[in-house]
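Participant: Sequence and predicted structure, then a few things I'm wondering about:
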Amino acid sequence: MKHLLSTRDLSREEAIQLLDIAEDMAAVNEREVKKLPALRGKTVVNLFFEDSTRTRISFEAAEKRLSADVINFAAKGSSVSKGESLKDTTQTLAAMGIDAVVIRHGASGAPQVLAQSGWIDAPVINAGDGTHEHPTQALLDAFTMRKRLHGTGSRGKGLDGVKVTIVGDILHSRVARSNVWLLETLGAEVQLVAPPTLLPHAVDSWPVSVSYNLDEALASSKPDVVMMLRIQQERMHDAFFPNEREYSNLWGLTQERFLALPAKTMVMHPGPMNRGLEISSAAADSPQSTVLEQVANGVSVRMAALYMVLTGEREVTHD
Amino acid sequence: MTARAIMQATDMHRALTRIAHEILESNRGAQSLVLLGIPTRGVTLAHRLASILESIVPGASVPVGSLDVTMYRDDLYQHPTRSTAPTEVPVSIDDATVVLVDDVLYSGRTVRAALDALTDLGRPKVVRLAVLADRGHRELPIRADFVGKNLPSAHGERINVRLVEHDGEDGVEIEEAVTA
Amino acid sequence: MTNPNLLITGATLPDGTRSDILIEGTQITAVGSGLSSAHAEKIDADGLVVLPGLVDLHTHLREPGYEQSETVLTGTQAAALGGFTSVFAMANTLPVADTAGVVEQVLRLGSEAGYATVRPIGAVTKGLEGVQLAELGAMANSRAQVRVFSDDGKCVFDPLIMRRALEYVKTFGGVIAQHAQEPRLTVDAQMNEGEVSARLGLAGWPAVAEESIIARDVLLAEHTGSRLHICHLSTAGSVDVIRWAKKRGINVTAEVTPHHLLLTDERAESYDARFKVNPPLRRQEDVLALREALADGTIDIVATDHAPHPVETKDCEWGAAAFGMVGLESALAVVHTTMVETGLIGWKDVARVLSEAPARIGGLASHGHAITPGVQAELVLVDPTTRRNFGVDDLASLSHNTPYLGVELSSQVVATIHQGYLTASNRAIVDAESVAARAQAVLRG
């Protein structure tokens, strides 16, 4: 795997290989010496043009546990805010000798542009680009589902037949996009629930079913997983829905809705959560919630991703 | 390309039994023994060795685990990305006698990686190495303590260890070099 | 010194007949077979098609203000290489062409360079801000004789301002060329809203943002009895609206760009910002509807929307990149590839949509005539059989933001004649000094 830009590019075999490697990384994360020498001597730059402490720390932990040298580059307060371009920034970093770039960028497609540009020769991992994709988030979500469903027998398995309902701002969500493609690849059945204003115009071309009504959707599908997406502050003032209260009433995982779910239904959230808006504390803090597992699994999955793009023969391209 | 059979099922069992006896001799019994196989076939061989040991020493229980060395290899950039395998260590290895088990000993690099991996898991009293076949061509100062069979071989040849659990039959064969 | 006479031999006229053409001074003086002239420079046009010089109603020459992208000189060189003998220069320069001073400057730069007749387009509103009418009358009455007014790049969004502008330009027979883009429906829009934008996570640009403005404006044009031109139609729905308006007798004309006749929004999948353009590339259904509408006359003209940008504004992430693509050099080849080779139109139609109709809409009396004695010698010779992978070498523009690099296009401009002299010859532009000298000679008479 040369880059990790999008879950659309992943074959089922690659995705399962990555999740299996992540299983072994998870074991490392549970032992006393949480370190592997695989990326010793490799330098990874975390190139964050957007604030995201959680994702950055998760990657940093993954990189350090694989013994890579880590450079953190936050665009804020750097020369980027003075108008230095993506091209100049990456070329400058490349000149310092880097072996991989983990990039978070506000512009959709920026990681792909970087990977195709020829500005650098290093593998690129997309840590979230605009409203496009966030592949490691989807992989850690899939890992979390698989682990809860199959436990120690997870290795080699997909998510065939698993019913996943994703609720919230699909239109602006890179997490939703990455999940839709990956879950389809792994055999899950995906249902999207959102107000029509927060669904992409052409969502009918996606391999999902769509509903506007959360109660009906939950009652009819009895999902194995309910994934709640974060509502961004800026959406609240742009006529996507009347106000927070109405959103929460219609599309939030309220205590009442949560209690009506089957006891085995997992509740997921990529974080950070707006408690009381898209998710109630009753749901977030319940044993059905995987929120903290997702965080822990994020490190394992990112270790696997880093390992997969950074090892292997450099001359040969494995598509 | 031709393959030449070197060991049959009975040869293998005999070799493993001899190794088991040698382990018991050097360890003066089965106490604080831990067998760690190197995936994939090393793990299977470790399980077989353990059951032989347990049959020789009535009442003994020999823990068996697996030690994946992928992340410790020195050739991660010379091969397509390798998948990992589980590392499972059933008991603490601190102060134990750890016997690493692998199918074939060749350059010694896998064993080197295994020793590093072991260091991250604990501090055994002693570490021994048992292999079913030693084909020579060492690139590091490493030797096996227990060897099922010495198999002098040429560089281009392949040694195939076949085990019932994986391949449907037991046996060891040498595959000759492909000449272009 | 006067310019030498030109004798074109064996050219194929748009109607398919073979003919010689004699050019003396700035005029075509004879058209027929077996022509000869002792002192004329001879151009062997055997196998070549001759068309009236192409007229582009929609070019961004960038001067004044953005000379790092294009100048009047380089832009008209690109025009000459593409077979254009006249270009209408859009008003979104710096300063904006909203005064007589700016349009006269552009006019002067054009006639000095000598590659093509440059007709400045005046801004509709001051500073393109959509608030206050620009000095439309002053521009119309200036030496530039502006007849086409446009805020292109921005939509004249305020319906009242649009109404007033439509009414006001009737004073001097002007036309408002509308960039139809509802601004609220296209906040931060990056590409056509549809299946591809949903997948790529790029903010969508719905077809209705274009269609609703066109619908409004044809109704305004009907109400005011004014002449309206719609720039760069890009959707099947826009075609329907124009078709309806024309059937109703509304005085509206419409243009399509070459790239909207060929490329679709799937090109954005690479996030290659060369494909970022306003209006955005649309779906294949739209491309086919636009071709059909151009063939049946619903769409009157092809105009390039030649929009040069320096490399750094395209060599970056999609969201940060500039909108636009260069198009003068490739326009005829794209029209040939999409419309002629597909059998939708013939050479007479090419002459209509790329010369006659744009000259008529723009009020450009010297251009767009059938090839007959007594008209100004504005001609282009085209090799219809060439096929080539379009490359940077095919560009004369200062900027190289073409979407066609590596794309196979059919036909090629061999020579362009403006005011009786060659501006492009042997598939390359004639050097600037010679062209400027020829233009000077014409001015002196």
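Facilitator: Done, it's in.
Participant: ok, now which ones touch residue 295?
Facilitator: In the absence of a named chain, this looks at chain A. Listed by C-beta atoms under 8 Å, 6 or more residues apart in numbering or on different chains, the contact set of residue A:295 reads A:54, A:58, A:271. No exception for glycine: its C-beta is placed from N, CA and C like everyone else's.
Participant: looking at chain C here, not the other one
Facilitator: By C-beta under 8 Å, 6+ apart, the contact set of residue C:295 is C:339, C:344-345, C:349.
Participant: Number of residues surrounding whatever residue of chain B ends up closest to chain C?
Facilitator: Going by C-beta to the nearest C-beta, chain C is nearest to residue B:81 of chain B, at 25.7 Å. Residues near residue B:81, counting by other C-beta atoms under 10 Å in any protein chain shown, number 21.
Participant: close enough to count as contact, it and residue A:312?
Facilitator: Yes. Under the criterion of C-beta atoms under 8 Å, residue B:81 makes contact with residue A:312 at 3.9 Å.
Participant: Next one: residue B:83 from residue A:158, what distance?
Facilitator: 16 Å (C-beta to C-beta, to the nearest Å).
Participant: still on that earlier bit, on the pLDDT front, check the residue of chain B closest to chain C for me.
Facilitator: Residue B:81 carries a pLDDT score of 91 in this model.
Participant: a helix runs through it, doesn't it?
Facilitator: No. Residue B:81: not assigned to a helix; according to DSSP: H, G, I helix; E, B strand; the rest coil it is coil.
Participant: separation between it and chain A?
Facilitator: From residue B:81 across to chain A, the span is 4 Å (C-beta to the nearest C-beta, to the nearest Å).
Participant: Quick one: residues contacting that residue.
Facilitator: Contact analysis of residue B:81 by C-beta under 8 Å, 6+ apart lists A:1, A:307-308, A:311-312, A:318.
Participant: Among those, which one is most surrounded by other residues?
Facilitator: Sorting the contacts of residue B:81 by how many neighbours each has (other C-beta under 10 Å) puts residue A:307 first, at 28 neighbours.
Participant: buried ones in the longest helix anywhere in chain B?
Facilitator: What stands out as the longest helix in chain B, according to DSSP state H, is helix B:9-27. Across helix B:9-27, burial judged by 16 or more other C-beta atoms under 10 Å in any protein chain shown covers B:11-12, B:15-17, B:19-20, B:23-24, B:27.
Participant: any chance of those residues in CSV, plus pLDDT and distance to chain A?
Facilitator: Below are those laid out as CSV (pLDDT from 0 to 100; distance: C-beta to the nearest C-beta, whole Å):
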residue, pLDDT, distance to chain A
B:11, 95, 33
B:12, 96, 28
B:15, 97, 31
B:16, 97, 27
B:17, 97, 32
B:19, 97, 28
B:20, 97, 29
B:23, 97, 26
B:24, 97, 30
B:27, 94, 26
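Participant: And those, which is closest to residue C:181?
Facilitator: Nearest to residue C:181, judged by C-beta to C-beta, of the buried residues of helix B:9-27 is residue B:12 at 77.9 Å.
Participant: quick one, what contacts the closest residue to residue A:229 other than its chain neighbours?
Facilitator: Sequence neighbours aside, residue A:168 is the residue nearest to residue A:229 in space, at 3.2 Å (criterion: C-beta to C-beta, 6 or more residues apart in numbering or on different chains). By C-beta under 8 Å, 6+ apart, the contact list for residue A:168 reads A:176, A:193-194, A:198, A:228-231, A:251, A:278.
Participant: For those residues, which two are the farthest from each other?
Facilitator: Longest distance between any two of these is 14.9 Å, between A:193 and A:230; criterion C-beta to C-beta.
Participant: The two - which one has more neighbours?
Facilitator: More crowded of residue A:193 and residue A:230, by other C-beta under 10 Å: residue A:193, with 27 against 20.
Participant: one step back: ok now the longest helix of chain B, how far from the chain's centre?
Facilitator: In terms of C-alpha atoms, centre = their mean, to the nearest Å, the centre of helix B:9-27 is found 13 Å from the chain centre.
Participant: Would you mind pulling the contact partners of it?
Facilitator: Residues from elsewhere that reach helix B:9-27 (C-beta under 8 Å, 6+ apart): B:7, B:30, B:33, B:45, B:48-49, B:52-53, B:56-57, B:97, B:99, B:128, B:130, B:132, B:145-149, B:164, B:169-172.
Participant: Quick one, which of these are buried?
Facilitator: Buried by 16+ other C-beta under 10 Å: B:7, B:30, B:33, B:45, B:48-49, B:52-53, B:57, B:97, B:99, B:128, B:130, B:132, B:145-149, B:170-172, out of the contacts of helix B:9-27.
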